[in-house]
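Colleague: Quick one: sequence and predicted model below, then my questions.
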Amino acid sequence: MKRIIIGAAFAALAAPTAALAQDQCGEVTITQMNWDSAAIVTAVSKFLMEQGYGCDVTAVPSDTTPAMTSLSENNEPDIVTELWVNSAGDAYQKLKADGKIEELTSVLDPGGVEGWWLPTYLVEAHPELATIQGVMDNPELVGGMFNNCPDGWGCRIVNDNLIRAFNLEDSGIEVFNHGSGETLATSMAAAYQSEEPWFGYYWGPTTPMGKFAMTSVDLGEYDEAVHAANQNADAADPKASSFPSAPVLTIVTKDFMGTHPDIADLMSKVTFKTDTMSQLLAWKEENNASNEEAAVYFLKGNPEVWGSWINEAATEKLSALLK
Amino acid sequence: MATYDFVFDGLGLRNWCGSSGDDGGGMTSMAQLLAETSDEDVVASAWETPFPSMDALHEACPAFPQSRELTSGLEEGFLSIKDSLKVVVDPLTQPLSWALNEALWVMQVVPWFVMIPLLMLIAYAVSRQWKLVGLVAICFGFLGFVDYYSYTMQTLAIIFVCAITCVLLGVPIGIAMSRSDRVQRTMIPILDMLQTLPPFVYLIPLIFLFSVTEPKLYGIAIILYAIVPVIRLTDLGIRLVDPDVTEAADAFGMTKRQKLFNVEIPLALPNIMAGVNQTIMMSLAMVVIASLVSAPGLGVLVLRGIRSLELGVGLLSGLGIVLLAIILDRVTKAALARINVSQSR
């Protein structure tokens, strides 16, 4: 008798879990990159896959390089989202050439923004700082320092070449190489809090970019060939070029593409406007919300956007939210 | 209805709470969204009773602060006292910046053909072992040969400054701990915290106080972590001094100061030296983390290696750190052995 009761209790506990993990989709792994916009993309995708398609989704905390290594060595995770191709380097090109992965879509439209930034209050006080020439003529106004990327980042190579192209150091601006992304962001935040000058590289959509009003310094025309050449360390003859919008992709493994065409189809539609993402991040910062809550905020506020991503069966399942 | 409504109803605080149901600023959690998708009302069983946390209480009573308000309050509190804190802490720590800058400058300005013999001489003076001098020559020769000489010197400069600061600060603290049980009781939790707190937790606030460009930032990171063993072992060493010996010292009519400097510290020296050895090892272990806050040296190479998947660079610079560790460990151990021998005579 006792055994039956225990058995029944276990069955009752297991029932809801069984209902969630429907067998038609099975287990899916998706990366959760360690920055905010990626966490939101992952949370939204996870919600849609779990609730709409009945998948059992595991979000794997990751970063660009580890994700690439894991893909090439273990063919896992199934989905890598918010992959900044520019910083993924040769490992990515090799995977693509080997045909192990499939590019689905740009998850950010038009893509990530990169650039050299100044706080907007600084540019408003001194309009001449809007161009790189103006900055170099007035090094003392920007604090005499350029906050550069950490060693080993893709942007570091480009920046180092641009610094040589502009002869930035000759103009009296010292280049400070940060040790990590955390200190780069904190230096910007600290300067902004006390309204001090700050000049450096950053990229978006990110929380600091959403939180602080920053103005991009005009680095001149974007020249595709020059920018491509600048991506090689110690380019022979670096020239000036501003940053293009960086492609930020969602990719899946070839195997996953074959076994889960419907999920691949969903993920190929999951695209955020860069502006929407920046606003989401700003909202998150203002309300002190978690990434998951920002994802919910997006899901609640934009049913017409994600409604067009999902297939009919999923639309039916999520109809309560689509009203 | 929220689980803890009865608390506020029972205490008669419902009016203070305001109308329930409004969820501060239209914030919806994933759980609430999931509840909306599955049309049916979710009946919470007794099994799923939430812990009476700030968030659970907030759900029952909108006026009750959420836990996120606690964290944002902490942040605002820090930002508001930051300016006055800066006035005190900034000048206090300034000598560290100077020391690090000078040490880095000296180590890089002195040419290698002076520096390496000098280091060999120091190794001999401390250990009196030709074997160790040879080891020092081979290791630095190898690191120089693979073009890591300047990185190694930067790392060495940082470790010298930080280890010396650790000893200068740590030994007096250890002595104070051995004198008074109360000091010991208060210090031990602090020491535990210093060894376990993730460095970025205190480094990020420090960036708001100073600036990332200041060398003292990584100096503080290394010192806070590496100072612990020298404090602990100084305390232990003095407490382990044979009570018969101190009694004899008392019988000779020694003053407290004479007892400390002529009896206790010499007898505790093996333990203190073991602490110094551990302190040097731990400051070397912090080199990579210090590079995250812009410390120059081998740590930068390790980070570059792992970030851009240049495994060779990562492995070679890692090996460089190991070689440095072996040299520093052997040399300090040899010094320790000499102290032991001279005492047992």
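Modeller: Yep, it's here. Bear in mind that the values here come from a model prediction, so they are computed numbers and not experimental data.

Colleague: Strands of chain A, start to end?
Modeller: Secondary structure of chain A (DSSP state E): strands at A:26-33, A:55-62, A:79-84, A:101-106, A:108-109, A:113-119, A:145-148, A:174-177, A:200-204, A:214-216, A:248-253, A:272-273.

Colleague: Out of those strands, which gets nearest to chain B?
Modeller: strand A:174-177 (5.3 Å; C-beta to the nearest C-beta). From N, CA and C alone the C-beta is placed, and that goes for glycine too.

Colleague: Hmm, B:T279 is touching B:P229, no?
Modeller: Yes: if you go by C-beta atoms under 8 Å, B:T279 and B:P229 touch, sitting 5.2 Å apart.

Colleague: More neighbours: which of those two?
Modeller: B:T279 (29 against 23; other C-beta atoms under 10 Å in any protein chain shown).

Colleague: what does the stretch 151-300 of chain A have sitting close to chain B?
Modeller: Residues of the stretch 151-300 of chain A that fall close to chain B, judged by C-beta under 8 Å from any C-beta of the partner chain: A:151-153, A:176-180, A:182-183, A:186-187, A:189-190, A:193-194, A:287-289, A:292-293, A:295-297, A:299-300.

Colleague: Leaving out chain neighbours, which residue sits closest to A:Y202?
Modeller: Distances taken as C-beta to C-beta, 6 or more residues apart in numbering or on different chains place A:W117 nearest to A:Y202, at 5.3 Å, with adjacent residues excluded.

Colleague: Who is A:S216 paired with across the strands?
Modeller: For A:S216, the beta-bridge assignment (DSSP bridges) gives partners A:W117.

Colleague: Which residues lie in contact with it in this structure?
Modeller: A:113, A:115-117 (C-beta atoms under 8 Å, 6 or more residues apart in numbering or on different chains).

Colleague: Most neighbours among those, which one?
Modeller: Result: A:W117 is most packed of the contacts of A:S216 (other C-beta under 10 Å), 25 neighbours.

Colleague: Test my guess that it contacts A:Y201.
Modeller: Yes: the criterion here is C-beta under 8 Å, and A:W117 meets it with A:Y201 at 7.4 Å.

Colleague: How many residues are close by the closest residue in space to B:C139 that isn't next to it in sequence?
Modeller: Spatially, and ignoring its direct neighbours in sequence, B:C139 is nearest to B:L323 (4.5 Å; C-beta to C-beta, 6+ apart). Residue crowding around B:L323 was assessed by other C-beta under 10 Å; the count is 20.

Colleague: how far out from the middle of the chain is the helix or strand of chain B with the lowest mean pLDDT?
Modeller: Across the helices and strands of chain B, mean confidence by mean pLDDT, DSSP states H and E is lowest for helix B:30-37: a mean of 71. How far helix B:30-37 lies from its chain's middle: 43 Å, per C-alpha atoms, centre = their mean, to the nearest Å.

Colleague: Any buried residues in whichever helix or strand comes after it, and which?
Modeller: Downstream of helix B:30-37, the first helix or strand assigned by DSSP states H and E is helix B:54-60. Buried residues in helix B:54-60, counted by 16 or more other C-beta atoms under 10 Å in any protein chain shown: B:56-60.

Colleague: Residues touching stretch B:223-235, excluding its own?
Modeller: Contacts for stretch B:223-235 (C-beta under 8 Å, 6+ apart): B:96, B:162-163, B:165-167, B:169-171, B:173-175, B:177-178, B:184, B:187, B:191, B:194-195, B:199, B:202, B:268, B:271-272, B:274-276, B:278-280, B:282-283, B:285-286.

Colleague: correction: stretch A:290-309
Modeller: A:36, A:39-40, A:43-44, A:47-48, A:266, A:269-270, A:276, A:280-281, A:283-284, A:287, A:289, A:315, A:321-323, B:27-30, B:32-33.

Colleague: Return the distance of that stretch from the chain's centre.
Modeller: The answer for stretch A:290-309 is 17 Å, by C-alpha atoms, centre = their mean.

Colleague: Straight-line length of that stretch, end to end?
Modeller: End-to-end distance for stretch A:290-309: 24 Å, by C-alpha to C-alpha, to the nearest Å.

Colleague: tell me the mean pLDDT for it?
Modeller: Averaged across stretch A:290-309, the pLDDT comes to 86.

Colleague: And the chain, split by domain according to the record?
Modeller: Went with chain A since none was named. Listed by the TED database, the domain ranges of chain A are A:26-111+A:246-322, A:112-231.

Colleague: Chain B, not that one
Modeller: Residue ranges for the domains of chain B, per the TED database: B:4-17+B:27-65, B:82-344.

Colleague: Between these, which has the poorest mean confidence score?
Modeller: Mean pLDDT per stretch puts domain B:4-17+B:27-65 lowest among the domains of chain B, at a mean of 75.

Colleague: Relative to the whole chain's centre, how far out is that domain?
Modeller: Relative to the chain's own centre, domain B:4-17+B:27-65 is displaced by 41 Å; criterion: C-alpha atoms, centre = their mean.

Colleague: Turn the domains of chain A into a markdown table, columns for distance to B:V110.
Modeller: Compiled in a markdown table, those are given as follows (distance: least, C-beta to C-beta, whole Å):
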| stretch | distance to B:V110 |
| --- | --- |
| domain A:26-111+A:246-322 | 37 |
| domain A:112-231 | 24 |
